[in-house]
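**Q** I'd like to go over a predicted model; first the sequence, then the structure.
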Protein chains: 2
Amino acid sequence: MGRNDGSEDTVTAALVVIGEEILSGRTQDANIAYIAAHLGKIGIALREVRIVPDLEREIVTAVNALRSVFTYVFTTGGIGPTHDDITTEAIAKAFGVDVAIDHRAVEAMRKGYKDADLTPARLRMARIPAGAELIDNPISKAPGFMLENVIVMAGIPRIMQVMLDSVTPRLRAGRKMLSRSVRVDAPEGEAAPGLAELQGAHPSVQIGSYPFFEQGRLGTYVVLRSVDRDALDRAHTELWTLIAAQGFKAAESER
Amino acid sequence: MGRNDGSEDTVTAALVVIGEEILSGRTQDANIAYIAAHLGKIGIALREVRIVPDLEREIVTAVNALRSVFTYVFTTGGIGPTHDDITTEAIAKAFGVDVAIDHRAVEAMRKGYKDADLTPARLRMARIPAGAELIDNPISKAPGFMLENVIVMAGIPRIMQVMLDSVTPRLRAGRKMLSRSVRVDAPEGEAAPGLAELQGAHPSVQIGSYPFFEQGRLGTYVVLRSVDRDALDRAHTELWTLIAAQGFKAAESER
């Protein structure tokens, strides 16, 4: 489940976050949740995330481990102009291809920079691995790129987001994951036996249980997820039967 | 660099976040940044994070890949009472040991639950792999555990945080990572050549460059990190020489 299983309907992804600043605790990542939600909406299931430091060996290892397993691998971070931006070189190394200044990337950057500002440091951002397609960056112009099934994006959230929009039409989309969420005013420990039975009866629906503590009360969000609307509806109906039988208070939830 | 290199000073860690809800975009992770900062303070360098779904195979694969490489592996999530809480079983499987109700864990839970509330579902939380040491949970009582170098904690942030405090005195601490941060009012592309040279001259100091866009201005946070205070001070002094030579505005920063 979740990995490529040969079905046309299953499109999967992994994300490699390249960022020493996240591993050091300096920065709170803002991209994972955004990318996860975006991919879910277009029918691509994010199945794994790795956060690695700005070290070539770590990036190469992660990307090569993941690109043979998942339909797509996204990366964020490390494509800026400074010495610690080594993602482009690492991706080229992972694929065993050369990197060079790409005239299409230079043209794109001319829209944002005067010639005098296209310094050697900034032109590092026009270095693209051989065979890659560019990904538009309407904000700061220096592009991302897609090499086979690996999509390389900036780490700055608003730039990552426009790159994700730019590349989305090129991605193969699967069946969209549908979900229903119910807030049950009972602790997980009490809701558990019924949920285990419900999961057993509905193998094509993923049933998640998330405890919460709000306004002094313990409760459980029950989230049903499936690509099959009928199966989802059946499980949802049975969840409510279960809730009624156990006398719990509950409500449909947006979360 | 960053991996176990046999030096007594280098203590490393990886974190495995077990959570379908994070991969689906439903929940924004709140634990990674907290754990990263906590470990940094006690001299343990977080070198990799993986987020995996609540699937036994994925958890076993991640934990076994990481526990042989890093001094410690922390996990969060999946140790509650419901059917989708499978972390404990997965960790036992990764180590090839049995799991059973642990009388010490039951005793701990009696402090939080009346006997009538210690239902079979809740007693799942007292199942502990053979050979593990318990980790205290003063909040909701159900313990985490430490098996060899793997530390298994809850996913709910405030419970994870008390477990992390409970286990901290048992961890071997390395030399603390020290850092200095300078805010330079110049875009990364202009600061880049000097920083590359600075990095070349100070191999024992990790020099990171983080662009920012604040109040309509582009700038760069330059962060120097090292376990060696003298080396850090030398690089810091040279950074200021560089800033002065280039005529940039800059200031010491808390970030």
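**A** Now that the structure is in, tell me what you want to look at. Model, not experiment: these values are computed from the prediction.
**Q** you'd agree residue A:48 is up against residue B:55?
**A** No. In terms of Cβ atoms under 8 Å, residue A:48 does not count as a neighbour of residue B:55; the distance is 10.4 Å. (Glycine included, C-beta is placed from N, CA and C.)
**Q** more crowded one of these two?
**A** residue A:48 (25 against 18; other Cβ atoms under 10 Å in any protein chain shown).
**Q** pLDDT at the more buried one, what is it?
**A** Reading off the confidence values, residue A:48 has pLDDT 98.
**Q** give me every residue in the stretch 51-200 of chain A lying close to chain B.
**A** By the rule Cβ under 8 Å from any Cβ of the partner chain, the part of the stretch 51-200 of chain A lying against chain B is A:51-55, A:58, A:80-85, A:117, A:119-122, A:124, A:156, A:177, A:179, A:188-193, A:195-196, A:199.
**Q** now do 6 Å
**A** Taking Cβ under 6 Å from any Cβ of the partner chain as the criterion, the stretch 51-200 of chain A approaches chain B at residues A:51-52, A:80-84, A:121-122, A:188-189, A:192-193, A:195-196, A:199.
**Q** among the residues you listed, name the ones in helices.
**A** A:121, A:122, A:188, A:189, A:192, A:193, A:195, A:196, A:199 (DSSP state H).
**Q** which stretches of the stretch 151-255 of chain A form helices?
**A** Residue ranges of the helices in the stretch 151-255 of chain A, as given by DSSP state H, counting those that start in this stretch, are A:157-167, A:188-201, A:229-246.
**Q** now, of the ones in helices among the residues of the stretch 51-200 of chain A next to chain B, which are buried?
**A** Buried residues within those, defined by neighbour count using 16 or more other Cβ atoms under 10 Å in any protein chain shown: A:121, A:122, A:188, A:189, A:192, A:193, A:195, A:196, A:199.
**Q** tell me the pLDDT at residue A:216?
**A** 77.
**Q** ok, now how distant is it from residue B:213?
**A** Applying Cβ to Cβ, to the nearest Å, one obtains 41 Å for the distance of residue A:216 from residue B:213.
**Q** between those two, which one's more packed in?
**A** More crowded of residue A:216 and residue B:213, by other Cβ under 10 Å: residue B:213, with 14 against 5.
**Q** neighbours of residue A:120, how many?
**A** Burial of residue A:120, expressed as a neighbour count using other Cβ under 10 Å, amounts to 10.
**Q** do the same with the one 4 residues further on
**A** Other residues near residue A:124 number 22, with proximity taken as other Cβ under 10 Å.
**Q** my read: it touches residue A:82, true?
**A** No. Under the criterion of Cβ atoms under 6 Å, residue A:124 lies out of contact with residue A:82, with a separation of 8.3 Å.
**Q** got phi/psi on the closest residue to residue A:168 other than its chain neighbours?
**A** Among residues not flanking residue A:168 along the chain, residue A:42 sits closest, at 6.2 Å (Cβ to Cβ, 6 or more residues apart in numbering or on different chains). Dihedral angles phi and psi of residue A:42 (degrees, to the nearest 10) take the values phi -100, psi 10.
**Q** so residue A:42 versus residue A:36, what's the distance?
**A** According to Cβ to Cβ, residue A:42 and residue A:36 sit 12 Å apart.
**Q** more neighbours: those two, which one.
**A** When residue A:42 and residue A:36 are compared for neighbours, residue A:36 comes out ahead with 26 against 15, by other Cβ under 10 Å.
**Q** residue contacts, residue A:128?
**A** Under the criterion of Cβ atoms under 6 Å, 6 or more residues apart in numbering or on different chains, the contact list for residue A:128 reads A:102, A:105, A:145.
**Q** just list whatever residues bridge to it.
**A** When bridges are taken as DSSP bridges, the partners of residue A:128 come out as residue A:100.
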